[in-house]
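J.: Generate a structure from the sequence data that follows.
(one chain, ligands or ions: 1)
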Amino acid sequence: MTTSLHICIIGAGPGGLCLAQGLRKHGISFEVVEKDAALASRSQGYRLRIDHTGQTALAACLPADLYDYFQRTCALPSAQVNTLNTQLETLADKWVKDWRLDKTGTDAAPDLKADRLALREVLLTGLQEHVHFNKNLSDYTEQANGKILARFEDGSNCLADILVAADGIHSRVRALRFPDLTPQDTGSICIYGKTAYSTKITVQVAAELQNATTIIFANEMAAVIDAMKFDNAKRSNTNSGLISPVSNYLYWALIGKRSSFGLQTDQPLPATGLTIRNCLTQTTASWATKLQTLFQLTPAEALALLPVRTARTMPVWDTHRITALGDASHAMSPASGLGANSALYDAAALANAIRQIHAGAITIKDAIRNYEKQVRQHSFAAVSASQEGSTQLFGSEDRPSD
Ligand SMILES: Cc1cc2nc3c(=O)[nH]c(=O)nc-3n(C[C@H](O)[C@H](O)[C@H](O)COP(=O)(O)OP(=O)(O)OC[C@H]3O[C@@H](n4cnc5c(N)ncnc54)[C@H](O)[C@@H]3O)c2cc1C
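T.: Numbering: from 1, shown residues only. Next up, the predicted model:
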């Protein structure tokens, strides 16, 4: 006999939507609540490296045809991988352990280069009537019968058997329940952007960057540059109405200590396209011209800067009716590209746990406790790996700075 359940997921990021797909697959009732007006409301990173873990989780949660379609929306594999210095000279023996761009040495699938918006659009496919945009969680209360009543700023609410915090690094649920467990600033920052291919890019940006994945090792800082070229014939299919068209672009991200960008620890961070561009121009002034040009040709509205934050420890969610996934519970440095992959891993693990509750095989308490144990083991290893990735990229671990 199945147990009737309703799950309320706060946040329509990759983690929340992947969980929703997993629940839909198992016929479990859910709703997703997202504070933004639409998936494309904010430019929150552009390309996501989806590794074997992320691919396995997506394949488990999505219907087979949708997973197949997701793979076809990804950028074409890079023709080459460059490890270079800022003068575009090749460096030997530099790498980030967690990146796998080919099949060398293992049977696991190589990493995919997903466009973040396309991934979320694929994940939204078929869920539209269950995903409510423009709804910001304000708080929640626990009812006498154990259920959780989530309340939203527009006055509406949702009564859930399980409330899932999938609301990212600034999680409102975590802030309400564990105000002391806000992820800590590591002292590093990340500036990122994307530049559409154009004649100027072809002529003025170094040729070796244009079809490749490139890592530039600078002084206490690194840049990742990825060619995002899409096969539009593969991207179009019967689901194509749900996927926004995308032009080929060069994605890039710089990461390093504030000081390597000429910023003091207590100085406010550049927050507008203009001030971010000024910081970028000063930081890369001595770099090869054909590299600097890539940053200069990025439109101001495509530039973003974030402080790098990391979790210290995963909260012990002492009520089994409220749990968390992804950045809400284990924010990490983007240095190794593991955050979204971990969120997807959590989503698949939680979908499986809820499936067992639904099937009447286990109590909510035991299933959620098992899930959280699994996440602590897996995703906190990813937090540590991301700190290590920072050391490999720019010689300094992204650990909390205080
Ligand atoms: C520059 C950069 C590059 C990165 N590259 C990679 C990579 O290559 N590979 C990788 O694995 N990871 C990468 N990451 C990390 C990755 O982006 C995150 O780990 C991932 O997005 C976390 O997913 P999530 O679903 O947990 O949270 P999020 O993606 O943050 O989604 C949370 C959602 O919750 C919503 N929300 C927040 N508060 C509320 C509220 N109160 N009510 C309702 N909704 C709310 C938000 O609007 C958002 O849509 C990168 C990060 C950055 C910054």
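J.: so where do the helices sit in the stretch 1-150 of the chain?
T.: Taking DSSP state H, counting those that start in this stretch to define them, one finds helices in the stretch 1-150 of the chain at 14-25, 52-61, 64-73, 116-124.
J.: Include mean pLDDT and distance to Lys290 when you put these into TSV, please.
T.: Bear in mind the C-beta positions are built from the backbone N, C-alpha and C, glycine included. Converted to TSV, the helices of the stretch 1-150 of the chain look like this (pLDDT from 0 to 100; distance: least, Cβ to Cβ, whole Å):
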stretch	mean pLDDT	distance to Lys290
helix 14-25	98	34
helix 52-61	97	33
helix 64-73	95	30
helix 116-124	96	27
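J.: Ok, which of the ones you listed comes nearest the ligand?
T.: Proximity to the ligand (Cβ to the nearest ligand atom) singles out helix 14-25 among these, at 3.1 Å.
J.: can you pull the pLDDT of Phe135?
T.: Heads up, residue 135 is Lys, not Phe. Looking at Lys135, its pLDDT stands at 97.
J.: That one contacts Arg151, doesn't it?
T.: No. Applying Cβ atoms under 8 Å as the test, Lys135 and Arg151 come out as separate, 10.3 Å apart.
J.: neighbour count winner among these two?
T.: Lys135 (20 against 14; other Cβ atoms under 10 Å).
J.: Setting aside sequence neighbours, what's the nearest residue to Ala367?
T.: With Cβ to Cβ, 6 or more residues apart in numbering as the criterion, Ala367 has its nearest non-adjacent residue at 4.2 Å, and that residue is Ala353.
J.: In the stretch 101-250 of the chain, what residue lies closest to the ligand?
T.: Counting by Cβ to the nearest ligand atom, the stretch 101-250 of the chain gets nearest to the ligand through Gly168 (2.7 Å).
J.: hmm, back to that, which of the helices of the stretch 1-150 of the chain has the highest mean neighbour count?
T.: Most buried of these by mean neighbour count (mean count of other Cβ atoms under 10 Å) is helix 14-25; its value is a mean of 26.
J.: hmm, back to that, dump the residue contacts of the residue of the stretch 101-250 of the chain closest to the ligand.
T.: Taking Cβ atoms under 8 Å, 6 or more residues apart in numbering as the criterion, Gly168 is in contact with 11, 13, 326-328.
J.: Count the neighbours of Thr213 for me.
T.: Count around Thr213 with other Cβ under 10 Å applied: 22.
J.: before we move on, what about Asp180?
T.: 7.
J.: So it lies in a helix, does it not?
T.: Yes. If the criterion is DSSP: H, G, I helix; E, B strand; the rest coil, then Asp180 is within a helix.
J.: neighbours around the closest residue to Gln264 other than its chain neighbours, how many?
T.: Spatial nearest neighbour of Gln264, chain neighbours left out: Arg258 (7.1 Å); criterion: Cβ to Cβ, 6+ apart. The number of residues packed near Arg258 is 20, by other Cβ under 10 Å.
J.: Tell me who's in contact with Ile9.
T.: 16, 19-20, 30-33, 164, 166.
J.: Pull up the gap between it and the ligand, please.
T.: Using Cβ to the nearest ligand atom, to the nearest Å, one gets 9 Å for the distance from Ile9 to the ligand.
J.: Nearest residue to the residue in the stretch 1-150 of the chain that the ligand sits nearest to in space, please, no chain neighbours.
T.: Going by Cβ to the nearest ligand atom, the ligand is nearest to Gly13 of the stretch 1-150 of the chain, at 2.1 Å. Nearest residue to Gly13, sequence neighbours excluded (Cβ to Cβ, 6+ apart): Gly168, at 5.7 Å.
J.: do the same with Gly395
T.: Glu220 (5.8 Å).
J.: Same check on Leu19?
T.: Nearest to Leu19 is Ala347, by Cβ to Cβ, 6+ apart, at 4.0 Å.
J.: Go ahead and confirm the one you found touches Ala328.
T.: No. Here Ala347 does not reach Ala328: they are 11.7 Å apart, not a contact under Cβ under 8 Å.
J.: which residues are common contacts for these two?
T.: Joint contacts of Ala347 and Ala328 (Cβ under 8 Å, 6+ apart) are Ala166.
J.: and the one helix or strand Glu372 maps to, how far from the chain's centre?
T.: Here Glu372, judged by DSSP states H and E, is contained in helix 364-394. Mean-position distance between helix 364-394 and its chain equals 15 Å (Cα atoms, centre = their mean, to the nearest Å).
J.: Next, the angle helix 52-61 makes with it.
T.: Per axes from the mean of the first three to the mean of the last three Cα atoms, to 10 degrees, the angle that helix 364-394 makes with helix 52-61 is 150 degrees.
J.: remind me which residues of the stretch 51-200 of the chain are low pLDDT?
T.: Applying pLDDT under 70 to the stretch 51-200 of the chain flags residues 95-107.
J.: show me where the stretch 1-150 of the chain has strands.
T.: Secondary structure of the stretch 1-150 of the chain (DSSP state E, counting those that start in this stretch): strands at 6-10, 29-33, 47-50, 80-85, 112-115, 131-132, 137-142, 148-152.
J.: Ok, which of those strands comes nearest Gln296?
T.: Gln296 lies closest to strand 80-85 among these, at 18.3 Å (Cβ to Cβ).
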